[in-house]
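**Student:** Have a look at this prediction, sequence included:
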2 protein chains.
Amino acid sequence: MNYRFYNARILTMINADILEGEVWVQNEKILYVGDGHDTDTVYEKLNLNSIIWDREIDCEGNLLLPGFKDAHTHSGMTLLRSYADDLPLHDWLTKQVFPIEARMDGEMIYHLTKLAVLEYLTSGITAIFDMYLTPDTIAKACVDMGMRCVQVSGMNGQENFGEALQKTEQCYLKYNNDDPLLSYFIGFHAEYTCSKELLESVAKLAHKYRAPVFTHLAETKSEVDGCKERYGMSPTKLFDSLGIFDYGGGGYHCVYLDEEDMEIFSKRGLSVVTNPGSNTKLASGIAPISDYLTRGINVAIGTDGPASNNCLDMFREMFLVTGLAKLREQDASAVDAWEVLKMATVNGAKAMNLPNADVLAEGKLADIVMIDLHQPNMQPINNIPKNLVYSGSKQNVKMTMIHGRILYENGRFSDSYDVEAIYRKANEIIDSLR
Amino acid sequence: MNYRFYNARILTMINADILEGEVWVQNEKILYVGDGHDTDTVYEKLNLNSIIWDREIDCEGNLLLPGFKDAHTHSGMTLLRSYADDLPLHDWLTKQVFPIEARMDGEMIYHLTKLAVLEYLTSGITAIFDMYLTPDTIAKACVDMGMRCVQVSGMNGQENFGEALQKTEQCYLKYNNDDPLLSYFIGFHAEYTCSKELLESVAKLAHKYRAPVFTHLAETKSEVDGCKERYGMSPTKLFDSLGIFDYGGGGYHCVYLDEEDMEIFSKRGLSVVTNPGSNTKLASGIAPISDYLTRGINVAIGTDGPASNNCLDMFREMFLVTGLAKLREQDASAVDAWEVLKMATVNGAKAMNLPNADVLAEGKLADIVMIDLHQPNMQPINNIPKNLVYSGSKQNVKMTMIHGRILYENGRFSDSYDVEAIYRKANEIIDSLR
């Protein structure tokens, strides 16, 4: 399908300028981003004399920007949204989450992932970094829905670790050479759920493929304290000492990195994926985002899973990233809106190794969101990036396009989905597991 | 107009039960809330044999609940949304806000208030507690838009205080006996912008009418410290010692109340109106909500004005109330979802003296919101109050009814508004004042 978006405001995320003009999409890629003047020359240059637009969309001055990257989530946990709230992380995980998860199968996770995808679309999220239990059915759900999905293995000590490693390697080889919507990272759940032997094997696997590794990292103070008791060092230092980060990667949450940890992050080019909604709701703490930015560490944003958040809403996360930094630093100028928008788009793409889905430019993948500026919370138009971060909400998402396909538009999902059937399935699954 | 809502889930806010049934509205009032069985008996009992429904609305299992009460706002400050961010409160107020406000006139505030009303409607807010500069044009804007508005005077030392007092008294008498959508409270801006003489006069006025008084209170630590330097006591203690709180009232923000202040709040039956979005964005701090609740203090929620927040979104505020409490207490069980929903509805109605607009019940005012549960962020339906507080967003507001009139439905505003003209006006006004 070929789309011409005209009469648009455009935030390419290459810089903070708002361009007025057009974006053209051919199949899965962006053909052109520009002011739309002298289109004959553009047609000629791009050899497009015979292009036929499937749709020409009048943006009515609304904003196009790159889709948001949700750089840490567990999509299948939609099941447990509002199921067990108001508990500290450890109790929540061991008493509520793990027992139910032990009874979830791949087919359930297929349906629950589809539910999550619907929610990502309402929030302008066009790619997810998903760690969950059944990679094959997660991959199928994302391909069936048209979602871009970077999976990461969540190996932990509950499984036979030989099998877990083998499965991770298989997935790594398969999903980095399968559907263009899919890719796969090596990862493990967390220090406190993995044996040292497993961690050493993870390092070997990372070395074999010269691959980055991601994990839950320094989410709570007790996690860091526990690791120091067990190993005499912080989890970051432990992983680094084992060679896990030799080819990059990073950590999810990263609420409690100390000075030495941050040095490792800088030196290895690791990414921090911050999850302020989850860290707030589970009372885990406030990450020192300003410290990370000062050191040039790549900071991306994730929602975490919907059981701990409880929603998949990049607008909430963006406000929290800057808001909590302001509270932590007692400084209203901490982490400004533009930095946050970069985290939600280009920095996420960097962490997730999606260099073709980071900005709006010719040749990039057409992962595009349209923001409705004809809404009261976007008016007057004093400053669009600040309006997005400080005032934006899901209600402003007018269109979500992934890989050149419009999957959500004007509050309606793609006709190819049976939305009510997805809701019904989710309710049936939780009813069957209660 | 007479409306029959059927096939609804209903959260009356009298208790946490979800009722399945119907809500009937006749003109501005609720006629009936119930399961909808044996309607003949209900018709007979209510003497409704001849009622003709103007609309019978199939709620499709969606949720009806009382509209949210925004218990502290400055609607006209829509003008300054994203105009001057990332500054601490004092600089923001004196260097950015006051100079522009000095040049705003009543007509401008009329239009800017209309813009704010559009935004309240998108967030399910059906009544506002508004402190701003030109009460007559604010009242006109709210009546023209159909918004329920409790105004409060914002007297301060910038004005001639004799005149300000006279104006407050006139408004108090006028707007408590004018349009049924309107009412009026005595209030002043804050200790740090008022002379002692003005504060004493406020107390006299409160005594004359046996009226409650509201003010910005203990918003920042420096405000409290400054007051202690000037008067040797906290602002709460100062106001109480002057008799300002003899007939009740309360404070906006209340981030820094100490033990003695809380005792005064309990003793006088004062309300805390918490504004977590604004307190976060201006780095003012986190209010000790759990302490207030433990002492039985009535806690309501406000957005504050859109220049400091920067949006008018009760869903963001609700998540922040509980989230920030959890962070402050380092306890994931602090301030649960049900407490927060009460704050956003019944507690707000109590603070604003709207006893007829607090819950869904026969004879109450028809200020009703419909929440779209057929959205991915509300599924599965494990727990509706928790879904609302932890996962809800403006995108879930399917209908907003005030005083029996549907003003927002399915993403569309009342046909009686010229929405684009309101946006245009707001942009023209800021352009003229830059």
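**Tutor:** Nice, I can see it.

**Student:** Low-confidence regions, the stretch 301-434 of chain A specifically.
**Tutor:** The stretch 301-434 of chain A contains no residues with pLDDT under 70.

**Student:** any chance you could map the strands in it?
**Tutor:** Counting by DSSP state E, counting those that start in this stretch, one finds strands in the stretch 301-434 of chain A at the ranges A:368-371, A:397-402, A:405-409, A:412-413.

**Student:** can you list these in JSON lines and add mean neighbour count and distance to chain B?
**Tutor:** Any C-beta I mention is one placed from the backbone N, CA and C, and that applies to glycine too. Formatted as JSON lines, the strands of the stretch 301-434 of chain A follow (neighbours: other Cβ atoms under 10 Å in any protein chain shown; distance: least, Cβ to the nearest Cβ, whole Å):
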{"stretch": "strand A:368-371", "mean neighbour count": "26", "distance to chain B": "13"}
{"stretch": "strand A:397-402", "mean neighbour count": "25", "distance to chain B": "8"}
{"stretch": "strand A:405-409", "mean neighbour count": "20", "distance to chain B": "10"}
{"stretch": "strand A:412-413", "mean neighbour count": "14", "distance to chain B": "9"}
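
**Student:** Neighbours of A:Glu329, how many?
**Tutor:** Per other Cβ atoms under 10 Å in any protein chain shown, the neighbour tally for A:Glu329 reads 17.

**Student:** surely it meets B:Pro88?
**Tutor:** No - using Cβ atoms under 8 Å, A:Glu329 is not in contact with B:Pro88, being 11.1 Å away.

**Student:** residues shared between the contacts of the two?
**Tutor:** B:Ala283 (Cβ atoms under 8 Å, 6 or more residues apart in numbering or on different chains).

**Student:** Where do the helices of the stretch 101-250 of chain A begin and end?
**Tutor:** A:106-122, A:135-145, A:161-175, A:196-209, A:221-231, A:235-241 (DSSP state H, counting those that start in this stretch).

**Student:** Distance to A:Arg424 and mean neighbour count for those - can I get that in CSV?
**Tutor:** Listed next are the helices of the stretch 101-250 of chain A as CSV, based on distance: least, Cβ to Cβ, whole Å; neighbours: other Cβ atoms under 10 Å in any protein chain shown:
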stretch, distance to A:Arg424, mean neighbour count
helix A:106-122, 9, 25
helix A:135-145, 16, 22
helix A:161-175, 29, 17
helix A:196-209, 39, 17
helix A:221-231, 38, 16
helix A:235-241, 41, 22
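
**Student:** will you turn these into CSV that also has distance to chain B and mean pLDDT?
**Tutor:** Converted to CSV, the helices of the stretch 101-250 of chain A look like this (distance: least, Cβ to the nearest Cβ, whole Å; pLDDT from 0 to 100):
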stretch, distance to chain B, mean pLDDT
helix A:106-122, 4, 98
helix A:135-145, 11, 98
helix A:161-175, 24, 95
helix A:196-209, 28, 97
helix A:221-231, 9, 97
helix A:235-241, 20, 98
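
**Student:** ok, now which ones touch A:Glu329?
**Tutor:** A:Ser290, B:Ala283.

**Student:** do that again at 7 Å, thanks
**Tutor:** Contacts for A:Glu329 (Cβ atoms under 7 Å, 6 or more residues apart in numbering or on different chains) come out as A:Ser290.

**Student:** Please determine how far it is located from A:Ile289.
**Tutor:** Noted for A:Glu329: a distance of 9 Å to A:Ile289, by Cβ to Cβ, to the nearest Å.

**Student:** so how far is B:Asp240 from A:Thr274?
**Tutor:** Taken as Cβ to Cβ, the span from A:Thr274 to B:Asp240 is 43 Å.

**Student:** try A:Ala334
**Tutor:** Counting by Cβ to Cβ - A:Ala334 and B:Asp240 are separated by 35 Å.

**Student:** that older thread, for the helices of the stretch 101-250 of chain A, please prepare JSON lines with the additional fields distance to A:Val299.
**Tutor:** Shown next, in JSON lines, are these (distance: least, Cβ to Cβ, whole Å):
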{"stretch": "helix A:106-122", "distance to A:Val299": "20"}
{"stretch": "helix A:135-145", "distance to A:Val299": "25"}
{"stretch": "helix A:161-175", "distance to A:Val299": "25"}
{"stretch": "helix A:196-209", "distance to A:Val299": "22"}
{"stretch": "helix A:221-231", "distance to A:Val299": "19"}
{"stretch": "helix A:235-241", "distance to A:Val299": "15"}
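
**Student:** does the closest residue to A:Phe5 other than its chain neighbours sit in a helix, a strand or a coil?
**Tutor:** Closest residue to A:Phe5 apart from its sequence neighbours, by Cβ to Cβ, 6 or more residues apart in numbering or on different chains: A:Val23 at 4.5 Å. Secondary structure, DSSP: H, G, I helix; E, B strand; the rest coil: A:Val23 is strand.

**Student:** who's in contact with A:Val23?
**Tutor:** Contact analysis of A:Val23 by Cβ under 7 Å, 6+ apart lists A:Phe5, A:Ala8, A:Ile10, A:Ile30, A:Val33, A:Leu64, A:Leu360, A:Ile368.

**Student:** Spell out the residue ranges of the helices in the stretch 251-400 of chain A.
**Tutor:** A:259-268, A:276-281, A:289-294, A:314-329, A:337-342, A:348-351, A:384-386.

**Student:** Spit out the contact partners of the residue at minimal distance from the centre of chain A.
**Tutor:** Centroid check for chain A by Cα atoms, centre = their mean gives A:Asp70 as the closest residue, at 1.5 Å. A:Asp70 makes contact with A:Tyr120, A:Ile125, A:Ile128, A:Phe129, A:Gly302, A:Thr303, A:Leu312, A:Met314, according to Cβ under 7 Å, 6+ apart.

**Student:** Could you count how many residues lie near the fifth one?
**Tutor:** Think A:Gly302. So A:Gly302, with other Cβ under 10 Å, has 30 neighbours.

**Student:** how about the nearest residue to it, chain neighbours excluded?
**Tutor:** A:Gly302 sits nearest to A:His72 (Cβ to Cβ, 6+ apart), 2.7 Å away.

**Student:** and that neighbour, that's in a helix?
**Tutor:** No - under three-state DSSP, A:His72 sits outside any helix and is assigned strand.

**Student:** that older thread, let me have the strands of the stretch 301-434 of chain A in a markdown table, extended by distance to A:Thr236.
**Tutor:** Listed next are those as a markdown table, based on distance: least, Cβ to Cβ, whole Å:
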| stretch | distance to A:Thr236 |
| --- | --- |
| strand A:368-371 | 33 |
| strand A:397-402 | 33 |
| strand A:405-409 | 37 |
| strand A:412-413 | 40 |
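
**Student:** Tell me which of those strands lies nearest to A:Glu107.
**Tutor:** When these are compared by Cβ to Cβ, strand A:412-413 sits nearest A:Glu107, at 21.6 Å.

**Student:** Show me what that closest one is packed against.
**Tutor:** Helices and strands touching strand A:412-413, by 3 or more Cβ pairs under 7 Å, 6 or more residues apart in numbering or on different chains; DSSP states H and E: there are none.

**Student:** Run through who's touching it.
**Tutor:** A:Leu118, A:Leu121, A:Leu407, A:Val419.

**Student:** For the residue nearest to the second one when sequence neighbours are not counted, give me its contacts.
**Tutor:** Nearest non-adjacent residue to A:Leu121, counting by Cβ to Cβ, 6+ apart: A:Tyr408, 3.9 Å away. With contacts defined as Cβ under 7 Å, 6+ apart, A:Tyr408 is in contact with A:Leu121, A:Thr122, A:Met399, A:Thr400.
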